[in-house]
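Colleague: sequence and predicted structure are below.
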Amino acid sequence: MALSGVRVLELAGLAPSPLCGMILADFGAQVVRVDRSPRSAMNTDVQGRGKRSLALDLKQGPGAAALRRLCLRADVLVEPFRHGVMEKLGLGPKVLLQENPKLIYARLTGFGQSGRYAKSAGHDINYLALSGVLSKLGRKDENPYAPVNLLADFAGGGVMCAMGIIMALYERTKSGKGQVVDASMVEGAAYLSSFLWKSQNLGLWNRLRGENLLDSGAPFYETYKTLDGKFMAVGAIEPQFYEQLIKGLGLDLDKLPSQLSFSDWPEMKKMFAAIFSKKTQAKWCRIFDGTDACVTPVLSLDEVALHQHNKERGSFIKNDQEEISPRPSPLLSRTPATPSPRRDPFIGEHTDEILLEFGFTKEEIAKLHSEKVIEFNKPKANL
Ligand SMILES: C[C@H](CCC[C@@H](C)[C@H]1CC[C@H]2[C@@H]3[C@H](O)C[C@@H]4C[C@H](O)CC[C@]4(C)[C@H]3C[C@H](O)[C@]12C)C(=O)SCCNC(=O)CCNC(=O)[C@H](O)C(C)(C)COP(=O)(O)OP(=O)(O)OC[C@H]1O[C@@H](n2cnc3c(N)ncnc32)[C@H](O)[C@@H]1OP(=O)(O)O
């Protein structure tokens, strides 16, 4: 796999850093999640695929010292705390990079490592708000609306951070040096929205929120409810595709206002909505499948793996527990990701084997255990 041989230490975090670690693990990196004691912490990582867990108390001197030792043999450290937490533990980048100049020290935060908010708490919605993106999301005459926590946490956070790590790993093959990756979710989300910035001169966003081409203003870029309470997604932007949409809806193009007549959009939407409500989702699929009308069913998470197209590509996978999840993306032709089929690790499940692998002796491990710096948490055998 593309990242095999890369050793990653991921300090346990809420949502973005687990995704970052899972991407690296899916593509072959050996990812160790460093957890707090199972007695003091719940496992918040639902993206633990392919990772192993080491339970280590970083607040105790020997615990912080153990992490420093682990970092000597690691390629990447991912830390998800607000600025200053790692420094307070004596584990800041100055210390760790001095000890291992090849280390890639990735800091995945909301507000970044500097600026007045660097030490403030926050979540996806706050980062999205500060990036400017949130102001663009939402329907006409409604408050801005954050689409789950996908944009800042995952796209602008977890994925951008993984990209920064991979770029730093590539650069290290030339310089032999590590570096700090300062991944701010505000900036990640803003960067992700570059199209919004760069397309402003095209007049795409001149109107109020929810009245523009791609923000639910246009009748041909919208979702519509079907007879059976499901939905269809319509994305017929270009005139030749719009023409096919109109044909599929049973309308006559010559009798309709022009596609880009903004003032007619609200009425056109009502008309499209009334038509879509007359047939079931399956019927609409039969009408539009195989055309270029850019109309697709809105599938639930229960339905996606069963959809013929997704089945043909194997876009969803099952693990040992029969849980379905998306296959890692993108697909690399020679060295595709091979996601682990095993269940996610329990906190502390692999503590001893990881420490042994990183050069700790059995005696050192026993001492750390007796001092309650580390914890073992082997699942009981299922007899
Ligand atoms: C909208 C999202 C968040 C959604 C998350 C939800 C999906 C999940 C949240 C709760 C989960 C549920 C829950 O856990 C219960 C169940 C558990 C079960 O296993 C699964 C089902 C659950 C229902 C579970 C389900 C879901 O997983 C949940 C509902 C986001 O936006 S996430 C993005 C948040 N922002 C960031 O990550 C940016 C950077 N980080 C921060 O800004 C802060 O970390 C943050 C997030 C504001 C939290 O602040 P906090 O004060 O708590 O932490 P920090 O200041 O960073 O400091 C960390 C302290 O911890 C110490 N520490 C760390 N590691 C160790 C260690 N190994 N040993 C000892 N100590 C450690 C560290 O030293 C710091 O201590 P100090 O405070 O003393 O400095």
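Modeller: On my side now, so go ahead.
Colleague: which residue packs closest to Leu196, ignoring adjacent ones?
Modeller: Counting by Cβ to Cβ, 6 or more residues apart in numbering, Leu196 lies nearest to Lys136, which is 6.3 Å off, once chain neighbours are set aside. Glycine gets a C-beta too; all of them are placed from N, C-alpha and C.
Colleague: quick one: Val181 is in a strand?
Modeller: Yes - counting by DSSP: H, G, I helix; E, B strand; the rest coil, one finds Val181 located in a strand.
Colleague: can you count the residues close to it?
Modeller: Burial measure for Val181: 23 neighbouring residues, criterion other Cβ atoms under 10 Å.
Colleague: domain ranges for the chain?
Modeller: The chain breaks down into these structural domains: 7-193+321-371, 221-298 (assignment by the TED database).
Colleague: kindly list the longest helix within the protein.
Modeller: Using DSSP state H, we find that the single longest helix of the chain is helix 160-175.
Colleague: quick one: mean pLDDT for that one?
Modeller: The average pLDDT within helix 160-175 is 98.
Colleague: also stretch 220-234?
Modeller: In this model, stretch 220-234 carries a mean pLDDT of 98.
Colleague: buried ones in it?
Modeller: Of all the residues in stretch 220-234, those buried under the rule 16 or more other Cβ atoms under 10 Å are Phe220, Tyr221, Glu222, Tyr224, Thr226, Lys230, Phe231, Met232, Val234.
Colleague: contact residues of the chain facing the ligand?
Modeller: Within the chain, the positions adjacent to the ligand are 11, 13-16, 34, 36, 42-44, 46, 56-59, 80-82, 85, 88-89, 109-110, 121-124, 149, 153 by Cβ under 6 Å from any ligand atom.
Colleague: which among those residues end up buried?
Modeller: The neighbour-count test (16+ other Cβ under 10 Å) marks 11, 13, 15-16, 34, 36, 43, 56-58, 80-82, 85, 89, 109-110, 122, 124, 149, 153 as buried among the residues of the chain next to the ligand.
Colleague: among those residues, which are in strands?
Modeller: Cross-referencing those against strands under DSSP state E gives Leu11, Val34, Leu56, Thr109.
Colleague: which of these sits closest to the ligand?
Modeller: Distance to the ligand across these (Cβ to the nearest ligand atom) is lowest for Thr109, with 4.1 Å.
Colleague: give me the pLDDT for the closest one.
Modeller: As predicted, Thr109 sits at a pLDDT of 98.
Colleague: now the chain, which segments are flagged as low pLDDT?
Modeller: Low-confidence regions of the chain, defined here as pLDDT under 70, cover residues 41, 381-383.
Colleague: spatially central residue for it, please.
Modeller: Of all residues in the chain, the one closest to the mean position by Cα atoms, centre = their mean is Phe154, 2.9 Å from it.
Colleague: need the contact list for Ala236.
Modeller: Under the criterion of Cβ atoms under 8 Å, 6 or more residues apart in numbering, the contact list for Ala236 reads Phe220, Tyr221, Tyr242, Gln244, Leu245, Ala293, Cys294, Val295.
Colleague: ok, Gly122 next?
Modeller: Listed by Cβ under 8 Å, 6+ apart, the contact partners of Gly122 are Gly110, Phe111.
Colleague: need the contact list for the residue nearest to Leu196.
Modeller: Pro144, Ser193, Leu196, Trp205, Arg209, Asp215.
Colleague: check Leu3 too.
Modeller: When contacts are counted by Cβ under 8 Å, 6+ apart, Leu3 touches Leu24, Phe27, Gly28, Ala29, Ile166, Leu169.
Colleague: and the strands in this protein?
Modeller: Along the chain, counting by DSSP E, strands occupy 7-11, 30-35, 51-56, 76-79, 104-109, 179-184, 221-225, 231-235, 295-297, 316-318, 324-326, 374-375.
Colleague: please determine how far the residue nearest to the centre of the chain is located from Gly217.
Modeller: 26 Å (Cβ to Cβ, to the nearest Å).
Colleague: what of Ala64?
Modeller: Separation of Ala64 from Gly217 (Cβ to Cβ) stands at 53 Å.
Colleague: just the helices in this protein please.
Modeller: Taking DSSP H as the criterion, the chain carries its helices at 16-26, 61-72, 85-88, 93-99, 124-131, 160-175, 185-192, 194-198, 239-248, 265-276, 281-288, 308-313, 351-357, 362-370.
Colleague: out of the ones you listed, deepest packed?
Modeller: With neighbours defined as mean count of other Cβ atoms under 10 Å, the helices of the chain peak in mean count at helix 16-26, which reaches a mean of 28.
Colleague: and the angle for it with strand 179-184?
Modeller: Our comparison of helix 16-26 with strand 179-184, counting by axes from the mean of the first three to the mean of the last three Cα atoms, to 10 degrees, yields an angle of 130 degrees.
Colleague: contacting residues around the spatially closest residue to Asp124 that is not a sequence neighbour?
Modeller: Excluding its sequence neighbours, the residue lying closest to Asp124 (Cβ to Cβ, 6+ apart) is Asn149, at 3.7 Å. Remark: with contacts taken as Cβ under 8 Å, 6+ apart, Asn149 is in contact with Ala15, His123, Asp124, Ile125.
Colleague: so the last one makes contact with Pro147?
Modeller: When you say that, I think you mean Ile125. No - contact between Ile125 and Pro147 fails when scored by Cβ atoms under 8 Å: they sit 10.2 Å apart.
Colleague: what's the burial count for Asn377?
Modeller: If you count neighbours by other Cβ under 10 Å, Asn377 ends up with 17.
Colleague: state the distance from it to the ligand.
Modeller: Asn377 sits at a distance of 13 Å from the ligand (criterion: Cβ to the nearest ligand atom, to the nearest Å).
Colleague: can you count the residues close to Gly84?
Modeller: Neighbours of Gly84 (other Cβ under 10 Å): 12.
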